[in-house]
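Asks: here is the input, now give the coordinates:
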Amino acid sequence: MSKVDTTMRPMSHRETPQNYKNYMNARNKQIEIEKQKEFEDSLRESANREVKSISGLYGANNIFAEALTQDSKKVIDLNRRKHKMKEDMIDMITNLNEKEFTRFEGSMIAFNLSNPR
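Replies: Have a look, this model is predicted:
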């Protein structure tokens, strides 16, 4: 946002149209110069600004500290735990005899009935 004042005074009743036009031209030139100076100062500041980056790359933030990365890590960890549990369940079911499997099947049906999706 520009900090340059771009307002123009209204025309005076004692002023001729040519004088007011000259004022407008001079004021527009002054505004243009002020905006150019403001732009150059901003450019000079941005060139001198130090970027605090762990990686040493310009503009690179520590992506591992970002909220999105933290949330993704939680989801990935949960999915790994689920996958491990799934493999363990497959091995366990494979090793069950008929009586143990019937008991396991009944407890799974009860679990699904008590926790509808």
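Asks: what does the pLDDT read for the most far-flung residue of the chain relative to its centre?
Replies: Most distant residue from the mean C-alpha position of the chain: Arg14, 56.5 Å away (CA atoms, centre = their mean). Note for Arg14: predicted pLDDT of 91.
Asks: let's verify it: helix, strand, or coil?
Replies: State at Arg14, reduced to three classes by DSSP: H, G, I helix; E, B strand; the rest coil: coil.
Asks: Leu96 and Met108, how far apart?
Replies: 12 Å (CB to CB, to the nearest Å). Glycine gets a C-beta too; all of them are placed from N, C-alpha and C.
Asks: let me fix that, I meant to ask about Met11.
Replies: Taken as CB to CB, the span from Met11 to Met108 is 88 Å.
Asks: buried residues in the lengthiest helix in the chain?
Replies: Secondary structure assigned by DSSP state H gives helix 17-48 as the longest helix of the chain. Buried residues in helix 17-48, counting neighbours by 16 or more other CB atoms under 10 Å, are found at Ile31.
Asks: what of stretch 99-113?
Replies: So stretch 99-113, judged by 16+ other CB under 10 Å, has zero buried residues.
Asks: so how far is it off the chain centroid?
Replies: 46 Å (CA atoms, centre = their mean, to the nearest Å).
Asks: how is this structure divided into domains?
Replies: 1-49, 63-114 (automatic domain parsing).
Asks: quick one: mean pLDDT over the longest one.
Replies: So that's domain 63-114. According to the model, domain 63-114 has a mean pLDDT of 89.
Asks: dump the residue contacts of Leu78.
Replies: Residues near Leu78 by CB atoms under 8 Å, 6 or more residues apart in numbering: none.
Asks: hey, C-alpha coordinates of stretch 21-32 in CSV?
Replies: C-alpha atoms of stretch 21-32 as CSV (Å, rounded to 0.1, in the frame of the first residue of the first chain):
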residue,chain,number,x,y,z
LYS,A,21,-4.5,22.8,-15.0
ASN,A,22,-0.9,23.9,-14.3
TYR,A,23,-1.4,23.0,-10.6
MET,A,24,-2.8,19.6,-11.5
ASN,A,25,0.2,18.9,-13.8
ALA,A,26,2.7,20.0,-11.2
ARG,A,27,0.9,17.9,-8.5
ASN,A,28,0.8,14.8,-10.7
LYS,A,29,4.5,15.2,-11.4
GLN,A,30,5.2,15.5,-7.6
ILE,A,31,3.1,12.4,-6.8
GLU,A,32,4.9,10.5,-9.5
